Structures are given as C-alpha cells and as structure tokens.
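Colleague: just to be clear, the model below is a prediction. Sequence and coordinates:
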Amino acid sequence: DQWPAGSWEIQFVAYSDSIGNATDTRYVSAGPDLSKLKFTVKEKTLATPKPVEFSDFEGYTNDTFLVPEVAGVTYSSGGNKLSAGLHNGSGTVTVSAAPSRGFSFPSNSVHNWSHSFGSSVNSSIPTITGTPTVGSTLTAAPGTWGPIGVALAYQWSADGTAIKDATRSTFDLDPNLAGKAITVAVTGTKAGYTTATKASKATAQVALRQFTTPPVPTISGTVTVGSTLTAIPGNWGPVDVLFQYQWYRDGTYLPSATDPTYQLTAADLGKRISVLVEGSKAGYDHYPMTSADTAKVGSTIKRVTPAAPTSVAATGRYTVPSSEGVFYQVNGISKAAGTYASGYTKMNIIALTKPGYTLSGTTSWVLDLSKKPVAATAPSINYTDKSITLPRTTGVDYSIDGVLKAAGTHKVTTYATVTAKASAPNYTVAAKTWKYDLRTAVTPTKPVFSASANTVKIPAKTGVTYYVNNVLKKAGTHKYTGSGTITTKASSGSYKLTGTTSWKFDNRNAVTPTKPVFSASANTVKIPAKTGVTYYVNNVLKKTGTHKYTGAVTVTTKVSNGSYKLAGIQKWTARL
C-alpha cells in the first residue's frame with residue numbers, strides 16, 4: 001500500500017561471504033539473477049466520509065447516534081470499530097472516520113465528530129385549574145415531564161410565601177387566604193438527572209364566598225304590649241351561619257335591642273316593629289336583610305294549638321302539618337307544610353306563631369329518625385338432618401347462598417353460605433357471613449388387588465366413585481396386568497371424602513432372567529430363551545442363540561412388556 005501508483009519490478013540476487021577472508025565485503029554479488037517480481041500499483045479511490053448524526057432528547061436516556069454506511073470509510077469510537085446503524089449514546093461521544101484499504105479521503109474532508117448528551121429532567125410550566133374562592137379546591141396540572149419515572153413534588157404559595165404542608169397536587173382554599181394570589185411550584189426529580197422546578201402563574205386574588213340569596217327575615221309573636229317577638233332569619237345555609245340582630249321601632253334602631261327576641265313595651269304601642277338580621281360566616285361576605293314591619297302594636301290576638309308533625313321510621317321521612325296561624329322550624333330552618341327526607345337524622349321541630357296569633361299546647365317535638373344499629377344473631381346448624389335454622393331478628397334479613405330466606409328451618413345438603421344484612425334503610429347491621437359444610441363424610445373402602453390373578457376388585461361404596469388410572473370404573477372385578485393407581489372422588493356434592501383416597505397397585509408377573517452362557521475359548525455368548533425377558537449385549541438387543549464376541553462383554557436384561565417385572569440377577573459381565 002506504500003508504493004506509488006505505476007508498474008514495478010523487483011529483482012532478487014544471491015550473495016556470498018567467505019569465512020576467514022578479510023578482504024571480502026558483506027554484499028558482493030556472487031551469482032546470476034535468481035528471480036524477478038513484477039507488479040502494478042493502482043491509484044487509490046477517493047471516499048468522502050458522511051457525518052455522524054446525534055439524536056439528543058432533553059430529559060431522556062434513550063439518546064442515540066447514527067453511523068452512516070459509506071464505501072471505503074471505517075468509523076470508530078474509543079478505539080472500537082463501529083458498524084453502520086443506530087448506537088446508544090450517553091455522556092460525551094467522539095466518533096472518527098478512517099479510509100479503508102485502497103481508499104483515501106479528500107484533503108478538506110471532516111472525519112471527527114463529537115457530542116455531549118444532556119441529562120436534565122424535561123419539564124413544563126404547571127397551570128392551576130379551579131375557582132380562587134374560599135372553600136374551593138385548586139388543582140395543579142403539572143404538564144409534560146420526562147423521562148418516564150420522574151417523581152413530581154408540589155408546593156403551594158400565597159402571595160409568594162410557601163404555605164406549610166401544602167404539598168399535594170390539590171389545595172383547599174381556607175378563609176385565611178382571602179385576598180391573596182395563589183401559585184404552585186412543581187419539582188421533578190429522578191436519579192441521574194438534574195432536578196428541575198417550574199412555577200405556575202398566579203391566580204386572581206382569592207375571593208370570599210357569597211351566601212345564596214338570603215331570605216327576608218320574618219317576625220313571630222303577638223303584636224301587643226308585654227308580648228315577646230322572635231326574629232326568624234329563614235334558611236340561609238350553610239347551617240352554621242352566625243346571625244346578628246338589630247330591632248327597629250318605626251324605622252329607628254333601638255340601641256340595646258340586639259337579641260333574637262324583643263319584648264314589646266308601652267313605648268311600642270301604636271308603633272310598627274322591624275328587625276335587621278345580618279348573617280356572617282368565616283370565608284363569606286357579611287349580608288344584612290331587613291324584615292317587613294309588623295302591624296301596629298296593640299292588635300287583636302287569636303289563640304291556636306299547633307298540629308304535631310309525623311314521621312315514618314322505615315323511610316326516614318317526616319311531615320310538617322298545615323296549621324292556622326302557625327309555621328314550623330326544623331333544626332332551625334323554616335319549613336312549609338309537606339313531606340321531607342330526613343337523611344335518617346334526629347329532627348328538632350318547633351311551632352311558631354304568625355302575627356296576630358298566640359300558641360297553646362305542645363309547641364316542640366323531637367323526631368329521632370336515626371338509623372338503629374342491630375346485631376345479627378348466628379344461625380343454628382343441625383348436621384344430622386342437614387338443616388339451617390335462621391333466627392327472627394328485627395331489622396335483619398338472612399340469605400342462604402344469595403337467596404333471601406324467611407326465619408325458620410331450611411334444608412341444605414351441601415355447602416351453604418349465610419349472610420346477614422339490614423332489612424330496611426332505617427337499620428344498620430354489621431354485615432356478617434357464615435359458611436357451613438353439611439356434606440356427609442364417607443371413608444372409601446380399599447380396593448382388593450391380586451397380582452397372581454392380575455385383577456383389581458372395586459368395592460361398592462355409597463357416596464364414592466373409583467377411578468383406575470383416571471378411568472371411572474364400576475364396582476366389580478377388573479383385569480389389570482400392569483401397575484397403576486386407583487383414586488376416588490365423592491359421587492355427588494352431598495358427600496365429602498375422609499381417610500385414604502388413593503392406592504397404588506402392581507399386578508405384573510415376576511420373572512427371574514436365566515443367566516447367559518459365556519465361552520472364553522469359543523469367544524461366544526449364548527442368550528437363553530426366557531418368557532417375559534429381553535437380553536442386551538453391550539446395550540444392543542440380541543435374540544435367543546449364540547453370538548460371537550471378543551473382549552469385555554456385558555449382558556443386561558429388560559422386561560419384554562408391561563405385564564412383567566424382573567426379579568433376581570439381571571446383569572452379567574465377562575471377558576472373551
């Protein structure tokens with residue numbers, strides 16, 4: 001490869017050097033030409049290396065680089081030859097190109113490429129969904145992160161200050177956050193990668209919640225001097241709203257009248273009374289509502305007896321009656337006449353008068369519609385007559401194998417699963433399950449084996465079926481000349497097996513092989529004729545008769561079929 005292009009000839013000659021002759025020179029021609037070598041050196045072919053392509057995906061470890069296939073170009077990295085195609089890349093990778101034998105590169109060609117693959121976590125700017133209102137829940141949408149397996153952590157902040165323990169993907173807005181803007185920062189971590197943190201844009205300032213349009217309060221009581229008026233705020237919701245009261249006389253507020261009730265005095269005679277109710281709750285705007293004016297103090301009064309509310313325990317529903325001059329409050333909320341669902345809770349109901357009326361008789365009731373806890377009693381089992389007796393327990397329903405059953409005795413012949421559940425919605429029962437096995441236990445009778453008669457006798461046994469070598473067999477005697485296994489199963493689902501359920505037997509005929517005759521002088525082995533036995537000489541099957549052998553000889557035996565088994569000596573050796 002080092003010869004310039006062109007035709008060349010090399011001539012080889014012999015030389016001699018006489019020993020002891022100081023006048024000889026080392027390289028003096030001593031004879032005619034011995035040989036000649038002619039050859040031609042061709043011009044080298046130019047090959048231009050193509051560049052190596054690097055694919056680096058931010059945040060991923062499955063980075064690659066592509067080695068092109070170019071005739072006359074050999075690529076290598078770190079002293080190792082690279083085949084054409086895709087290779088995995090990580091860290092800094094340098095690839096060099098060299099001309100193959102018989103090729104050369106142009107003087108201006110590029111033949112070295114290097115790339116450092118990145119290892120930072122791939123991240124996105126998170127966003128926040130949800131309404132920034134007290135009582136609402138905000139949710140962080142982290143966006144797309146990589147590679148697969150990046151662990152994400154969250155930190156919520158209010159007006160730029162991190163909130164303690166707010167490290168989940170969701171965040172509940174409490175009243176203390178009213179007026180503050182919320183952000184969330186998402187941090188992605190993965191072993192071997194640089195941790196990345198991205199923060200969302202801030203939400204609008206957290207707003208206070210607004211009450212559902214509050215009702216206009218009303219005034220209950222007799223509008224006469226000496227009577228007591230009661231402010232009824234109505235159903236504001238939620239139930240723990242805090243109320244403040246201010247009473248007015250002909251539109252002028254009464255400085256000390258700030259209780260839910262107001263006792264009419266002589267100063268109120270001929271005047272009209274009203275009340276302002278202001279509802280407040282943490283996280284809500286304050287909201288004042290004013291009642292209508294009463295009639296002038298001193299009006300006529302009518303005495304009424306309110307009708308009692310009713311309820312149905314099984315359905316958990318109650319009925320507010322319609323009664324002249326009366327309206328009702330249930331757990332502090334005014335309710336019109338009608339039937340309502342209690343949700344299986346305790347209901348405190350009071351009767352209040354409309355203007356111009358006064359009450360007599362019972363004016364408050366407690367309807368306890370709470371669910372009643374009941375303990376389920378276990379059923380009774382009679383294994384002799386195979387029956388299950390279900391108890392009669394108020395509030396409890398029993399099922400056998402998923403079928404609802406009345407209290408009493410039920411026949412069961414196999415397995416049974418009894419479950420107990422509440423019989424109606426107004427009961428609570430800790431669900432219980434009992435499992436029973438009422439099958440009749442039976443111990444299989446052992447079969448009788450006769451090796452001499454080659455028989456297996458299957459007994460007749462109620463509740464048991466027998467199988468010989470996995471084949472069902474009826475009771476009786478059956479021929480079997482080989483070996484096998486007898487197994488048993490219950491004949492129906494009303495039986496279960498106990499004791500020994502399988503037996504092995506061997507009905508093969510025992511045969512003792514006849515010893516072969518060895519003759520060292522004749523170099524022979526005589527194989528005898530023996531029923532049930534086959535002979536092998538040096539592991540080769542041989543028929544009955546005399547066979548020539550020299551050297552070491554080993555004779556072994558096997559049974560001729562499955563109805564025989566060997567006894568006695570079964571192997572002999574000799575040297576012939």
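Modeller: Arrived safely. Numbering: from 1, shown residues only.

Colleague: only C-alpha atoms for contact and neighbour calcs from this point on.
Modeller: Will do.

Colleague: all strands of the stretch 101-250 of the chain, in order?
Modeller: Residue ranges of the strands in the stretch 101-250 of the chain, as given by DSSP state E, counting those that start in this stretch, are 103-104, 112-116, 127-129, 137-141, 151-158, 161-162, 170-172, 182-189, 196-199, 218-220, 228-232, 242-249.

Colleague: return the set of buried residues in the fourth one.
Modeller: The one in question is strand 137-141. 138-141 (16 or more other CA atoms under 10 Å).

Colleague: which one of these is nearest residue 175?
Modeller: Closest approach to residue 175 among these (CA to CA): residue 138, at 14.2 Å.

Colleague: please name the bridge partners of the closest one.
Modeller: residue 171 (DSSP bridges).

Colleague: flag the shaky bits of the stretch 301-450 of the chain, pLDDT-wise.
Modeller: Residue ranges of the stretch 301-450 of the chain with pLDDT under 70: 301, 355-356.

Colleague: tell me the contacts of residue 285?
Modeller: 208-211 (CA atoms under 8 Å, 6 or more residues apart in numbering).

Colleague: pLDDT on the helix or strand that contains residue 93, on average?
Modeller: Residue 93 belongs to strand 92-99 when assigned by DSSP states H and E. If you average the pLDDT over strand 92-99, you get 91.

Colleague: pretty sure residue 93 contacts residue 87?
Modeller: No - using CA atoms under 8 Å, residue 93 is not in contact with residue 87, being 10.6 Å away.

Colleague: relative to whichever strand or helix holds residue 303, what are the paired strands and their orientations?
Modeller: Element membership for residue 303, per DSSP H and E: strand 302-304. Strand 302-304 has these partner strands in its sheet, going by DSSP bridges: strand 357-359 (parallel).

Colleague: what's the offset of the strand it pairs with from the middle of its chain?
Modeller: 64 Å (CA atoms, centre = their mean, to the nearest Å).

Colleague: equivalent analysis for stretch 521-533, please.
Modeller: With CA atoms, centre = their mean, you get 72 Å for stretch 521-533.

Colleague: from residue 460, how far out is the residue positioned nearest the centre of the chain?
Modeller: Nearest to the geometric centre of the chain sits residue 149, at 17.2 Å (CA atoms, centre = their mean). Remark: distance between residue 149 and residue 460 (CA to CA, to the nearest Å) = 66 Å.

Colleague: circling back: what is the neighbour count of the nearest residue to the residue nearest to the centre of the chain once chain neighbours are set aside?
Modeller: Of all residues not flanking residue 149 in the chain, residue 190 sits nearest, at 7.0 Å (CA to CA, 6 or more residues apart in numbering). As a burial measure, residue 190 scores 18 neighbours (other CA atoms under 10 Å).

Colleague: contacting residues around residue 190?
Modeller: 121, 149-151.

Colleague: repeat that for 10 Å
Modeller: 59, 120-121, 146-152, 196 (CA atoms under 10 Å, 6 or more residues apart in numbering).

Colleague: which one of those is nearest residue 316?
Modeller: residue 152 (47.1 Å).

Colleague: what is the burial count for residue 252?
Modeller: 10.

Colleague: again, but for the one 10 residues further on
Modeller: Residue 262 has 20 neighbours, counted by other CA under 10 Å.

Colleague: still on that earlier bit, who wins for most neighbours among the contacts of residue 190?
Modeller: Going by other CA under 10 Å, residue 121 tops the contacts of residue 190 with 24 neighbours.

Colleague: coming back round to it: adding pLDDT, write the contacts of residue 285 out as a markdown table.
Modeller: Formatted as a markdown table, the contacts of residue 285 follow (pLDDT from 0 to 100):
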| residue | pLDDT |
| --- | --- |
| 208 | 87 |
| 209 | 83 |
| 210 | 78 |
| 211 | 76 |
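
Colleague: count the neighbours of residue 317 for me.
Modeller: For residue 317, the count of nearby residues is 17 (other CA under 10 Å).

Colleague: ah, wrong one, I meant residue 499
Modeller: 10.

Colleague: and the gap between the closest residue to residue 259 other than its chain neighbours and residue 267?
Modeller: Among residues not flanking residue 259 along the chain, residue 245 sits closest, at 5.8 Å (CA to CA, 6+ apart). Residue 245 sits 20 Å away from residue 267, taking CA to CA as the criterion.

Colleague: who has more neighbours out of these two?
Modeller: Taking neighbours as other CA under 10 Å, residue 245 and residue 267 compare with residue 245 leading, 19 against 10.

Colleague: is residue 93 bridged to anything, and to what?
Modeller: Applying DSSP bridges, one finds that residue 93 bridges with residue 115.

Colleague: list the contacts for it?
Modeller: Counted by CA under 10 Å, 6+ apart, residue 93 has contacts 54, 65, 77-78, 113-117.

Colleague: what's the ChimeraX line that selects buried ones from those residues?
Modeller: To isolate the buried ones among the contacts of residue 93 in ChimeraX, judged by 16+ other CA under 10 Å, type:
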select :54,65,115,117
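
Colleague: of the contacts of residue 93, which one scores lowest on pLDDT?
Modeller: Ranked by pLDDT, the contacts of residue 93 bottom out at residue 117, which has 71.
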